[in-house]
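**Q** sequence plus predicted model, see below.
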Amino acid sequence: MKTGIVSPLNRRGFLKAGVVLGGGIAGGMPLSQVIWAAEGKVLKVRSSGDPSKLDPAFLTQAAEVDLMNCIYSKLTRYKPGSEWGWELEAAEKIEQIDPTHIRFRLKKGIKFTGGYGEMTAKDVKFSFDRAVKLNGTTKPDWGPLDHVELEDDYTGVIVFKTPYVPVWLVSLPYGAGQIVSQNAVMKATKDGGDFGTRLIAFSGPYVLADWKPKQYIVLTRNPEWSGPKPGFDEIRIVPIADAKAAERAYQASDVDFSNISLDSLSGFKSNPPANTVVEKRPSLGYTWIGMNMDHPKLKDINVRKGIQWAINVPQILEAAYSGQADVATGTIAPGLVGRRAKALVPPEGDLAKAKEFLEKAGVSDLTLSIDCTNDSLNSTIAQTVQAQLSQIGISVEVNARDSGTFWSLGNNPEDYQLILNSFTSLPDPYYATCWFTEDQVGVWNWERFRSKRFDELGAKAITIDDPDARAKLYYEMQDLMEESGAYRFLTNGATPVVYRTTLVEAATRPDGNPLFLDFKPV
C-alpha cells in the first residue's frame, strides 16, 4: 500500500523536533565510501521504498511501518522469531476484559520530543479514534472500533462495536497501533488531520535525524528515551525498490541486511557472499492480476473470465521467480486460517475455454493496458501476461510506472484497465480480505469489486474465534472475488533475506520483515 510524493524536509523542521542532524551522501557516492558524522555502532539496511507518510493514520506502505516502529511507540509489538506473537511495548499491562473491551495501562515516563511532554492515555485515544474518524488508510485495521474510553492519565479501554478477533495481531502491534502526540498533531495541523511528512514529535528509541528522499534516512538515538536501549547508535535506511539493485548494494557492502529476489535465491545459497546468512521465509503477501470492472472494456464478465482462463500462472512464476514461488489459491497465504486448497480457475488456465468466453462476449481485436511498477520483477510478470493474452487475440500494452505514479492510479479509475498488484499482509485472514469491500472502492479496491455478501461475510468472520468456522467464511469470500472475474491470483511469494554475520544479528517477524529495534551488533 503506497501513494503520494515525499515533500522536502527543512533543517528548521529537524531542529524543532529536537533531533540532531546526521551526515549526507556527497556527490552521489555509494554509502560505503561516505564519511558520516555519527560514530559508534551503525546498522545499514535496505528498505523497499521511500516514505511518503510519517503519519500512522495515513501510512501507505510496509516500509513506512518499519521506520515508524523506531520513532513512535505502540501498546504492543510483534515478537521476533519463527512463531507469531506479541509482547508489551508502551503498555505496562493490557487485557481483554470481555469480547468488546480491552483495558490498557501505559508505562510512565515515555516522553514525546519537541517539548510535548509525557505520553498519556489521551494520546492513545486520539491516535486510535482519529484513524477511524478521518477515514485514514489504517481505518480498516481497526475493524469495528467504536472509541477509546479514558479512566485516568495512564489507563483506558478500547471499545469495539462487535467482537474483533484480529486486534491482537493486526491493529495493536502494526502500523495502526502507533501512538502520536495529540498536542503536536493539533499544533501542526490545526484540525488533527494528516500531517504527511512533517516532523512533529517522536516517542521511540530513535529520532529521524536526516532524510534525503530516494537516497537515505538516518535515525539516531532519542536522547529523551528512557526505555531499554536498542543495539545500534544509528540506523541508516537506504530505499531501494528493485530487488536486483538491492542485491548489488549488499554485495558492495552498502547495506548489511536486505531482501533479495526469489530468482536469485538459489545462486545466493550455492555461492553466498562472505560471512552471509541466506534465509528463505514464508511470505504473507499476495500478488495478483486485477481488472477494473468499471472500465468499459472490462464491464462484461465474459471478457474478464476469458482473461482469467488465458493466464497461465506456473509459466509466470517460472519466468519471474525461477520457479522459487508457489501458486496462490487466493489472497490468504499458506499457514493462515481460510487459505483455500485450490482456486476455482486451475493454475494453468485453458486457452480454448478463454476463447469461448470472448466469443460469448462478442469481442475480437481487443486492446488493453496493464499497469505495474517499473522494477524488473513486475515488468517480467507483465510482459509474460502480455504474451499469454496475445494467444487469445488480446493486444496488451505494458505501462511500467514509477512507484509514485503507480500508487496514485486508484484515484483515477478511467486511467487503468488491468493492474498487476502486490500487497503485504499480516497474520490474520482479515488483513488479506478487508481491502476489497465496497467502502474500499477507490481507496485500495482498484478492481472496484462490489459484493454485499462479501462484506457481510467479512463482518461476521472477525467476530468468530473458532478457526474452522472462520475458515469457511474466508473460503467463500475468496470464491466471490474469483467468480467476479476481476482477479487472477498468482503467488504469495516468499521472503529471502541476507545479512552479514560479522556485523549484525538480524531479527525479523516470521515472514522475514525486519524488526530493527531487535537487531544486535556482533
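**A** Great, that's in hand.

**Q** would you mind pulling up the elements that the helix or strand where Val238 lies packs against?
**A** Assessed by DSSP states H and E, Val238 sits inside strand 234-239. On a contact count with 3 or more CB pairs under 8 Å, 6 or more residues apart in numbering; DSSP states H and E, strand 234-239 meets strand 42-47, helix 62-71, strand 216-221. For every residue, glycine as well, the C-beta is placed using N, CA and C.

**Q** and the residue most central in space within the chain, how far from Leu426?
**A** The residue lying closest to the centre of the chain (CA atoms, centre = their mean) is Ala62, at 3.2 Å. Using CB to CB, to the nearest Å, Ala62 is found at 10 Å from Leu426.

**Q** quick one: the helix or strand following the strand holding Val238 to chain centroid distance?
**A** Helices and strands here follow DSSP H and E; after strand 234-239, the next one along the chain is helix 243-251. Centroid separation between helix 243-251 and its chain, computed with CA atoms, centre = their mean, to the nearest Å, is 21 Å.

**Q** and stretch 461-472, by the same measure?
**A** How far stretch 461-472 lies from its chain's middle: 24 Å, per CA atoms, centre = their mean.

**Q** touching stretch 87-101 from outside, list them.
**A** Contacts to stretch 87-101, defined as CB atoms under 8 Å, 6 or more residues apart in numbering, come from residues 73-77, 79, 102-108, 110, 119, 154, 157-164, 172-173, 179, 203.

**Q** out of the helices and strands packed on strand 234-239, flag the one nearest Gly393.
**A** Judged by CB to CB, the one of those that comes nearest to Gly393 is helix 62-71, at 38.3 Å.

**Q** ok, and what's touching the helix or strand just after the closest one?
**A** Under the assignment DSSP H and E, the closest C-terminal helix or strand after helix 62-71 is strand 76-78. Strand 76-78 has contacts (CB under 8 Å, 6+ apart) with 69, 84-89, 91, 94, 168, 172-174, 177, 509, 515, 517.

**Q** again, 6 Å this time
**A** Strand 76-78 has contacts (CB atoms under 6 Å, 6 or more residues apart in numbering) with Trp86, Leu88, Glu89, Leu172, Pro173, Arg509.

**Q** contact partners for the first one?
**A** Applying CB under 6 Å, 6+ apart, we find Trp86 in contact with Thr76, Tyr78, Pro173.

**Q** try 7 Å this time
**A** Thr76, Arg77, Tyr78, Lys79, Trp168, Leu169, Pro173 (CB atoms under 7 Å, 6 or more residues apart in numbering).

**Q** partner residues bridging the third one?
**A** This points to Tyr78. Per DSSP bridges, the residues bridged to Tyr78 are Trp86.

**Q** mind checking how far it is from Asn513?
**A** Distance of Tyr78 to Asn513, computed by CB to CB: 9 Å.

**Q** follow-up on the earlier one: so what's the residue nearest to the centre of the chain closest to, chain neighbours aside?
**A** Thr424 (4.4 Å; CB to CB, 6 or more residues apart in numbering).

**Q** Pro273 now?
**A** Once flanking residues are discounted, Pro273 sits nearest to Gln251: 5.7 Å by CB to CB, 6+ apart.

**Q** ramachandran angles for Thr287?
**A** phi -120, psi 140 (degrees, to the nearest 10).

**Q** burial check on Ala352, number of neighbours?
**A** 9 (other CB atoms under 10 Å).

**Q** tell me which element it falls in.
**A** Following DSSP H and E, one finds Ala352 within helix 351-361.

**Q** contact partners of that helix?
**A** With contact meaning CB under 7 Å, 6+ apart, helix 351-361 is reached by Asp300, Asn302, Val303, Lys305, Gly306, Trp309, Ala310, Gln391, Ile392.

**Q** where does the stretch 301-450 of the chain have low pLDDT?
**A** Judged against pLDDT under 70, the stretch 301-450 of the chain has no low-scoring part.

**Q** strands of that one, residue ranges please.
**A** 367-373, 395-401, 418-423 (DSSP state E, counting those that start in this stretch).

**Q** which strands or helices does the following helix or strand past the last one pack on?
**A** Next in sequence after strand 418-423, counting helices and strands by DSSP H and E, comes helix 452-461. Contact partners of helix 452-461 among helices and strands, from 3 or more CB pairs under 7 Å, 6 or more residues apart in numbering; DSSP states H and E: helix 467-483.

**Q** contacts for the helix it packs on next, please.
**A** 330-332, 337-338, 340, 343-345, 429, 433, 436, 449, 451, 453-454, 457-458, 460-461, 464, 487.

**Q** give the buried residues for that helix.
**A** For helix 467-483, burial by neighbour count (16 or more other CB atoms under 10 Å) applies to Arg470, Ala471, Leu473, Tyr474, Tyr475, Glu476, Met477, Gln478, Leu480, Met481, Glu482.

**Q** on that earlier part again, Tyr78 and Asn513: who's more crowded?
**A** Per other CB under 10 Å, whichever of Tyr78 and Asn513 has more neighbours is Tyr78, with 25 against 22.

**Q** what ranges do the helices span in the chain?
**A** With DSSP state H, the ranges of helices along the chain come out as 11-16, 62-71, 121-133, 182-189, 243-251, 265-270, 301-310, 313-321, 351-361, 376-390, 403-406, 452-461, 467-483.

**Q** can you lay out those helices as TSV showing distance to Asn412?
**A** Formatted as TSV, the helices of the chain follow (distance: least, CB to CB, whole Å):
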stretch	distance to Asn412
helix 11-16	31
helix 62-71	23
helix 121-133	25
helix 182-189	26
helix 243-251	28
helix 265-270	36
helix 301-310	20
helix 313-321	27
helix 351-361	25
helix 376-390	19
helix 403-406	11
helix 452-461	24
helix 467-483	23
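
**Q** closest to Gln215 out of those?
**A** Closest to Gln215 of the helices of the chain is helix 243-251 (CB to CB; 12.1 Å).

**Q** tell me the angle of that closest one relative to strand 42-47?
**A** Going by axes from the mean of the first three to the mean of the last three CA atoms, to 10 degrees, helix 243-251 is angled at 170 degrees with respect to strand 42-47.

**Q** what angle sits between helix 243-251 and helix 376-390?
**A** Using the same axes, to 10 degrees: helix 243-251 against helix 376-390 is 160 degrees.

**Q** got the contact list for helix 243-251?
**A** Contact with helix 243-251 is made by 46, 238, 240, 255, 258-261, 264, 273, 376-377, 498, as judged by CB under 7 Å, 6+ apart.

**Q** just put those residues in CSV and tack on neighbour count and distance to Thr287.
**A** Below are the contacts of helix 243-251 laid out as CSV (neighbours: other CB atoms under 10 Å; distance: CB to CB, whole Å):
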residue, neighbour count, distance to Thr287
Arg46, 26, 20
Val238, 21, 24
Ile240, 24, 19
Val255, 24, 24
Ser258, 27, 20
Asn259, 21, 15
Ile260, 21, 17
Ser261, 21, 13
Ser264, 19, 17
Pro273, 14, 27
Ser376, 15, 14
Leu377, 21, 9
Val498, 25, 21
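
**Q** which pair in those residues spans the largest distance?
**A** Maximum pairwise distance among the contacts of helix 243-251 (CB to CB): 21.0 Å, between Pro273 and Leu377.

**Q** so Gly442 is in contact with Gly410, correct?
**A** Yes. With contact defined as CB atoms under 7 Å, Gly442 reaches Gly410; the gap is 6.4 Å.

**Q** who has more neighbours out of these two?
**A** Neighbour comparison, Gly442 and Gly410: the larger count goes to Gly410, with 22 against 13 (by other CB under 10 Å).

**Q** residues in contact with that one?
**A** Per CB under 7 Å, 6+ apart, neighbours of Gly410: Gly442, Val443, Trp444, Trp446.

**Q** then Ile464?
**A** Counting by CB under 7 Å, 6+ apart, Ile464 has contacts Val165, Arg470.

**Q** thanks a lot, see you next time.
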